[in-house]
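1. Mind looking at a prediction? Sequence and model below.
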Amino acid sequence: MGPVEIKSNVYWVGAVDWNIRDFHGYSTPKGTTYNAYLVIDEKIALFDTVKLPFKKDLIENISRIIDPRRIDYLVVNHVEMDHSGTVPDIVELAGPEEVICSPMGKKALIDHYNRGDWPYHVVETGQTLKLGKKTVSFLETRMLHWPDSMMSYILEDRLLLSNDAFGQHWATSQRFDDEIDAAELFNHAGKYYANILLLFSPVVQKLMTKIVEMGLDIDMIAPDHGLIWRHDPAGIISAYRKWSRQESRRNALIVYDTMWQATESMAHAISEGLKEEGFDFQILNLKFNHRSDIMAEVLDSSAIVLGSPTINNGMMPAMADLLSYMKGLRPAGKVGAAFGSYGWSGEAVKLISEAMRDMNIGLVSDGVRVKYSPKKEDLDRCVELGRQVARAALNLPSRSQAPATA
Ligand code: FEO
């Protein structure tokens, strides 16, 4: 893809990665983009680079606008290598006057590339840089997504270069939100939030406050992944407010793995109890649903019911994988329970319950265990578990933490 002018003398010069399918454990069935932005003024500034295998795309895109050796400032908003991978090549090629980054960014760049000799210019929140007609204001956004992360705001264009925040993993030929289906765009943005930023929700809330305090009047948000919010920046800001409050709707997830369909039968019986209480639900078999797609659904659900048969005194590997991943992302304000079949030892339900308790998921009971194949009375217990989960979820506060573990 060639460069795209997103504001007067501000160009997208990034790369589209059509082929990536796994982004550190996050499934990316539609690829992603690595967005970098070139600003032409009296001084020429490049904001972020791309993942190293896409170096050629970046340099070709810049070269279609200016000779890359004319870059004066290289702004590194984030050091994760999907954005900084080509920084050493750009420094080598362009010899910029300054490599601009946050205080933590300088440390991280040196840790990654062992180059203490680059011409660093460390900036903090509120500092500005005059490019000529355009002025850049910097905003540190620690932990969104790494300690080094920051955003750059171009005052005259009311343009927020937001780095990872407000992004989506979606490779497209279009560059702007108004050129593409809005529902699908928000689905991608939600999955991205659930898998990248959910655990930093308190930080996202502070960022929203900071944006207001700094009086940033935002006309466009240009993230480092996916589509640029030209038409509806307010829409994605509003979605981030909602997601960071972890407000969930009346929806339950029943997620399970199964060996001989006993645990699967239990999952369906639990769904009957949820339905009786007027609760929406989704039944997600771990054999067919990726952990990162399940997290996207967790974002919007108030109840989580997890099932696994016992195998080798533990749970099925896919459930252990999900619990490890989910725990790291710290979903809040959920209730739930565990269930599963067993043959003789039957540890899985207890282990899943412990993991859910560790995540502050409000357990409605000790769960339901069934020996071998469920009989009618066992399925009745599962239906009742579904009812209990629904009732507990209806009693959740409208936002924030789940009630104390039962
Ligand atoms: Fe897109 Fe935290 O990197």
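-> Ah, there it is.
2. ranges for the helices of the stretch 151-300 of the chain?
-> Remark: helices assigned in the stretch 151-300 of the chain by DSSP state H, counting those that start in this stretch are 182-192, 201-213, 233-244, 262-276, 291-298.
3. Nearest to the ligand, out of the ones you listed?
-> helix 182-192 (9.6 Å; C-beta to the nearest ligand atom). Backbone N, C-alpha and C define where each C-beta goes, glycine included.
4. in the closest one, what counts as buried?
-> Buried residues in helix 182-192, counted by 16 or more other C-beta atoms under 10 Å: 185-186, 188-192.
5. same question, stretch 328-345
-> By neighbour count on 16+ other C-beta under 10 Å, the buried set for stretch 328-345 is 329, 331-342.
6. Repeat that for stretch 105-122.
-> Buried residues in stretch 105-122, counting neighbours by 16+ other C-beta under 10 Å, are found at 105-106, 108-109, 112-113, 118, 120-122.
7. Between the residues you listed, which sits nearest Leu131?
-> Nearest to Leu131 among these is His121, at 13.2 Å by C-beta to C-beta.
8. so the closest one sits right up against Val99, yeah?
-> Yes. Assessed by C-beta atoms under 8 Å, His121 is found in contact with Val99 at 6.9 Å.
9. who touches both of the two?
-> Residues within reach of His121 and of Val99 at once, by C-beta atoms under 8 Å, 6 or more residues apart in numbering, are Tyr73.
10. returning to that earlier point: go through the buried residues of stretch 328-345 and flag which are in helices.
-> Secondary structure defined by DSSP state H assigns Leu329 of the buried residues of stretch 328-345 to helices.
11. Pick the one among the buried residues of stretch 328-345 closest to the ligand.
-> Set against the ligand, the nearest of those by C-beta to the nearest ligand atom is Leu329 (14.5 Å).
12. could you check whether the helix-or-strand element of the chain with minimal mean pLDDT is close to the ligand?
-> Lowest mean confidence among the helices and strands of the chain (mean pLDDT, DSSP states H and E): helix 201-213, at a mean of 89. No. Figure legend: helix 201-213 not in contact with the ligand (C-beta under 6 Å from any ligand atom); closest approach 13.5 Å.
13. by contact count, what packs against that helix?
-> Secondary-structure packing of helix 201-213 (3 or more C-beta pairs under 8 Å, 6 or more residues apart in numbering; DSSP states H and E): helix 233-244.
14. okay, the helix it packs on in CSV with CA atoms only?
-> Provided in CSV are the C-alpha atoms of helix 233-244 (Å, rounded to 0.1, in the frame of the first residue of the first chain):
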residue,chain,number,x,y,z
PRO,A,233,-13.5,9.3,17.3
ALA,A,234,-16.1,10.1,20.0
GLY,A,235,-17.6,6.6,19.4
ILE,A,236,-14.4,4.7,20.2
ILE,A,237,-13.7,7.0,23.2
SER,A,238,-17.2,6.3,24.5
ALA,A,239,-16.6,2.5,23.9
TYR,A,240,-13.4,2.7,25.9
ARG,A,241,-15.2,4.4,28.7
LYS,A,242,-17.7,1.6,28.8
TRP,A,243,-15.2,-1.2,28.4
SER,A,244,-12.9,0.2,31.1
